[in-house]
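A.B. asks: sequence plus predicted model, see below.
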Amino acid sequence: MPRKRTYLLCPPEYFAVEYVINPWMDTATPVDRELAVKQWHRLRETLLDLGHTVHELTPEPGLPDMVYAANGAFTVDGTSYGARFRHRQRAAESDAHRAFYEAYGWPYVAPTETNEGEGDFTYLPEAHGGLILAGYGFRTTAAAHTEAQEVLGRPVVSLRLVDPRFYHLDTALAPLDDRTIAYYPGAFSAASQRVLAQLFPDAVLADEADAVAFGLNLVSDGRHVVLSSEATGMAAKVKAAGYLPVPVELSELKKGGGSVKCCVAELRA
Ligand code: ARG
């Protein structure tokens, strides 16, 4: 069953590929910003049409990756654990998120450890009594996982990412509902694959083609699975598992190394 969600997005008004901090970015490939804005608005409309609440951050010049709002914080039980970006080019984004959560009236805890918010953290309220899954290896540090557990009071399962193409957890794993995940095993270390198999025996397994098409960078409300229109294989898999795929086109934002989920932070009360 779908559950109404509250999301935070940021329009790609200043989106560009001006530096390279992941293997998808190439400053020589032109970005059609007008198209990026159009595609982003379709994504926003899609979430609104599904009945969700969408809040917006004000984009800032000089922060071309700010559209990837998932990276700004990680919120569980009404508390936000703030981000501390790995790369200086994005460092200033966390202040905008902090200001949003403080105005929203939710406790915000500034981190001391490097972490990129929902890029590397996700939460399954009904898996094993409420479980945080967290990625490390490229951006977020394992020390931040410990810090997040201490701040949020939910058990954190640390998973090691090993493929630079899937540098954030949300490029390799996604909740489909409150207890079920989809993931691409090849993005994780052998030991982390065993951990995932033990905790989630009923997971939907993606292959490399699904992951490369950003098919795991999805946003689900428990029934509707919003994902990149490129990820046709993944759409078929989630449909076979009983969900309703909702494809959206995000070709321009892929040039920055992100898709649907990267653009969407969830505010969990
Ligand atoms: N260019 C951005 C970066 O490399 C993309 C962030 C994608 N966000 C995500 N949640 N995976 O930081």
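C.D. replies: Received, thanks.

A.B. asks: show me what counts as buried in the longest helix seen in the chain.
C.D. replies: As far as residue count goes, and with DSSP state H defining each element, the longest helix of the chain is helix 33-49. Residues of helix 33-49 classed as buried by neighbour count (16 or more other C-beta atoms under 10 Å): A36, V37, Q39, W40, L43, R44, T46, L47. (Each C-beta comes from the backbone N, C-alpha and C, glycine too.)

A.B. asks: and the residue nearest to the last one when sequence neighbours are not counted, which helix or strand is it part of?
C.D. replies: In other words, L47. Take L47 and drop its neighbours on the chain: the residue closest to it by C-beta to C-beta, 6 or more residues apart in numbering is V54, 5.5 Å away. Here V54 sits within strand 53-56, counting by DSSP states H and E.

A.B. asks: what's next to that strand, contact-wise?
C.D. replies: By C-beta atoms under 8 Å, 6 or more residues apart in numbering, the residues outside strand 53-56 that reach it are 4-11, 44, 47-48, 100, 104, 267.

A.B. asks: so which of those belong to strands?
C.D. replies: T6, Y7, L8, L9 (DSSP state E).

A.B. asks: can I have the buried ones of those as a PyMOL selection?
C.D. replies: Buried subset of those, written as a PyMOL selection, criterion 16+ other C-beta under 10 Å:
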select buried, resi 7+8+9
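
A.B. asks: as a markdown table, the ones in strands among the contacts of strand 53-56 with pLDDT would be great.
C.D. replies: Putting those into a markdown table (pLDDT from 0 to 100) gives the following:
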| residue | pLDDT |
| --- | --- |
| T6 | 98 |
| Y7 | 98 |
| L8 | 98 |
| L9 | 98 |
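
A.B. asks: the ones in strands among the contacts of strand 53-56 also near the ligand: which ones?
C.D. replies: Contacts with the ligand within the ones in strands among the contacts of strand 53-56, as defined by C-beta under 6 Å from any ligand atom: none are present.

A.B. asks: ok, P201 - how many residues close by?
C.D. replies: A total of 7 residues lie near P201 under the criterion other C-beta atoms under 10 Å.

A.B. asks: checking my notes, it in a strand, right?
C.D. replies: No: counting by DSSP: H, G, I helix; E, B strand; the rest coil, P201 is not part of a strand but coil.

A.B. asks: per-residue confidence for it?
C.D. replies: Listed pLDDT for P201 reads 98.
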